[in-house]
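Engineer: No letters, just coordinates:
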């Protein structure tokens, strides 16, 4: 439960229809959807309570460096181009994400990242 308290008496009426009566220094339950709104007029979470609402913070998993992502994507592009199987490319001629996910296990490629890198890959092949 998210408990907040205020330094004065105040009745908060939200545009969503919620009404919360704050009494000076007394913790009051505030629905999660209203946390930002009540903090805007000075309500503060009761110490130690916010963590229980937000849960344990999960550590970010190790991200693959950009250079390594680029290298793996270029290798996957080459493999897809060499095998040239049905479903490996989209209707626009860009490598399909499901086909790339089968070849790349370290990370999940992003559509925009694949599109941008693919265009550079094709341009380099045309030049060289």
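Structural biologist: Nice, thanks for sending it over. From a predicted model like this one, the values you see are computed outputs, not experimental measurements. Numbering: from 1, shown residues only.

Engineer: pLDDT (mean, whole number) over stretch 114-128?
Structural biologist: Mean pLDDT, stretch 114-128: 89.

Engineer: ok, and what's touching it?
Structural biologist: With C-beta atoms under 8 Å, 6 or more residues apart in numbering as the test, stretch 114-128 has contacts from 70, 73, 74, 77, 94, 95, 97, 100. Every residue, glycine included, has its C-beta placed from N, CA and C.

Engineer: Flag every buried residue along it.
Structural biologist: 114, 117, 118, 121 (16 or more other C-beta atoms under 10 Å).

Engineer: list the buried ones in stretch 94-112?
Structural biologist: So for stretch 94-112, counting by 16+ other C-beta under 10 Å, buried means 94, 95, 99, 100, 103, 104, 107, 109.

Engineer: Can you give me the end-to-end span of it?
Structural biologist: 11 Å (C-alpha to C-alpha, to the nearest Å).
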